[in-house]
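test case, fold it:
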Amino acid sequence: MTLFTTLLVLIAERLFKLGEHWQLDHRLEVLFRRIKRYSFSVTLLMTIIAMAIVWVLTRALHGLLFNVPLLVVWILLGLLCIGAGKVRLHYHAYLKAASRDDAHARDAVASELTLIHGVPPGCDEREYLRELQNALLWINFRFYLAPLFWFVVGGPLGPVTLMGYAFLRAWQSFLARYQTPRDRQQSGVDAILHVLDWVPVRLVGVVYALIGHGEKALPAWFASLGDRHSSQYQVLTQLAQFSLAREPHVDKVATPKAAVSMAKKASYLTVVIMALLTIYGTLV
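Down below sits the predicted model:
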């Protein structure tokens, strides 16, 4: 059921998820605005409660009406947790602004795309475009590939593990957008996601090496296996940049398009791998 649900979710996401209506991050803002205390324990407790609610719901529907209601819940949860939603609109708005040479509109939209890690101050145009590439690659990982990983790894509990990851992602995005860096640090959400992202980042790194220029990416990937200090963002974007080494970094339209093209290829390859594993009975 994992593969079938994933395919339906991805199809629905591409066709209908063009805004915030089906985005878990947006739906949870009402809850997050009521939180006044930021700590590791609060973050962990909220995540456990969210996962417990999904577990109780799926257990209650298990075996009911030939599991049709359960399948519907799996699809709805997948649609809420997988996919970038409004971020895709920001990306298309950036391309329109860049093609019109509207620097103010371009920078405004780019600030939304680089919300989590930002852009280093004082960088030149080439560095700016590389950081934008990195942000787009990270968005694809955080909203597509990593949720898919936890959905698959969870097996029969896929919706539970998916909800846990998506909840933490939404909490991190909320803190980055509305709260101070100190509040975000106290929440511990970055530290939790750093641990959860370790394995999927390395797996996605292999995919980037396969579809890009592996002569540079593969050695860097092997080195990343023993890297315990770099952030997962740095590891993933470094591997991706090795694969994008021959792509342009000077055109304000072609540069982000190159990153999105490679991210799409990585997503398609991931789904193909899932299908092959399902055929051979690896997934339940």
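
where are the low-confidence patches of this structure?
Within the chain, the set of residues satisfying pLDDT under 70 comprises 1, 18, 212-215, 247-249, 278, 280-284.

which residue of it sits farthest from its center?
residue 65 (33.4 Å; Cα atoms, centre = their mean).

quick check: residue 144 touching residue 81?
No - if you go by Cβ atoms under 8 Å, residue 144 and residue 81 don't touch, sitting 10.4 Å apart. In this view, the C-beta of every residue, glycine as well, is placed from N, C-alpha and C.

between those two, point out the one with more neighbours.
Legend: neighbour count by other Cβ atoms under 10 Å for residue 144 and residue 81, higher for residue 81 (27 against 22).

chain neighbours aside, what residue packs nearest to the more buried one?
residue 166 (3.6 Å; Cβ to Cβ, 6 or more residues apart in numbering).

I'd say that neighbour and residue 80 touch.
Yes - with contact defined as Cβ under 8 Å, residue 166 reaches residue 80; the gap is 7.3 Å.

how close does residue 250 get to residue 258?
11 Å (Cβ to Cβ, to the nearest Å).

repeat for residue 38
Applying Cβ to Cβ, the value for residue 38 to residue 258 is 37 Å.

now the helices for the stretch 51-200 of the chain?
For the stretch 51-200 of the chain, the helices defined by DSSP state H, counting those that start in this stretch occupy 68-81, 86-99, 103-113, 125-140, 146-153, 158-178, 181-187, 189-196, 198-211.

which elements pack onto the helix or strand just after the last one?
Put plainly, it is helix 198-211. With elements assigned by DSSP states H and E, the helix or strand that comes after helix 198-211 is helix 214-224. When contacts are defined as 3 or more Cβ pairs under 8 Å, 6 or more residues apart in numbering; DSSP states H and E, helix 214-224 packs onto helix 198-211, helix 232-243.

highest average neighbour count across those helices?
Compared across those, helix 232-243 shows the largest average neighbour count, a mean of 23 (mean count of other Cβ atoms under 10 Å).

hmm, who's touching it?
By Cβ atoms under 8 Å, 6 or more residues apart in numbering, the list of residues contacting helix 232-243 from outside reads 116-117, 130, 133-134, 137-138, 141, 193-194, 197-198, 201-202, 204-205, 208-209, 211-214, 216-217, 220-221, 224, 227, 259, 262.

what's the answer for stretch 186-195, then?
38-40, 42-44, 47, 168-169, 171-172, 175, 184, 231-232.

export that stretch as PDB, just CAs?
Below are the C-alpha coordinates for stretch 186-195, written out as PDB (Å, rounded to 0.1, in the frame of the first residue of the first chain):
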ATOM      1  CA  GLN A 186      16.100  26.800  22.500                       C
ATOM      2  CA  SER A 187      13.400  24.700  20.800                       C
ATOM      3  CA  GLY A 188      16.000  22.000  19.800                       C
ATOM      4  CA  VAL A 189      14.200  21.400  16.500                       C
ATOM      5  CA  ASP A 190      17.300  21.900  14.500                       C
ATOM      6  CA  ALA A 191      19.200  19.300  16.500                       C
ATOM      7  CA  ILE A 192      16.400  16.700  16.200                       C
ATOM      8  CA  LEU A 193      16.100  17.200  12.400                       C
ATOM      9  CA  HIS A 194      19.900  17.000  12.200                       C
ATOM     10  CA  VAL A 195      19.800  13.500  13.500                       C
END
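
returning to that earlier point: which one's more surrounded, residue 250 and residue 258?
residue 258 (19 against 9).

was I right to think that one contacts residue 133?
Yes - here residue 258 reaches residue 133: they are 7.1 Å apart, a contact under Cβ under 8 Å.

residues shared between the contacts of those two?
Listed contacts common to residue 258 and residue 133 are residue 244; contacts here mean Cβ under 8 Å, 6+ apart.

closest to residue 276 out of the helices of the stretch 51-200 of the chain?
helix 146-153 (12.4 Å; Cβ to Cβ).

contacting residues around stretch 206-224?
In contact with stretch 206-224 (Cβ under 8 Å, 6+ apart) are residues 201-202, 205, 230, 235, 238-240, 242-246, 262, 265-266, 269-270.

if you set the cut-off to 6 Å instead, what comes out?
For stretch 206-224, contacts defined as Cβ atoms under 6 Å, 6 or more residues apart in numbering pick out 205, 235, 239, 240, 242, 243, 245, 265, 266, 269.
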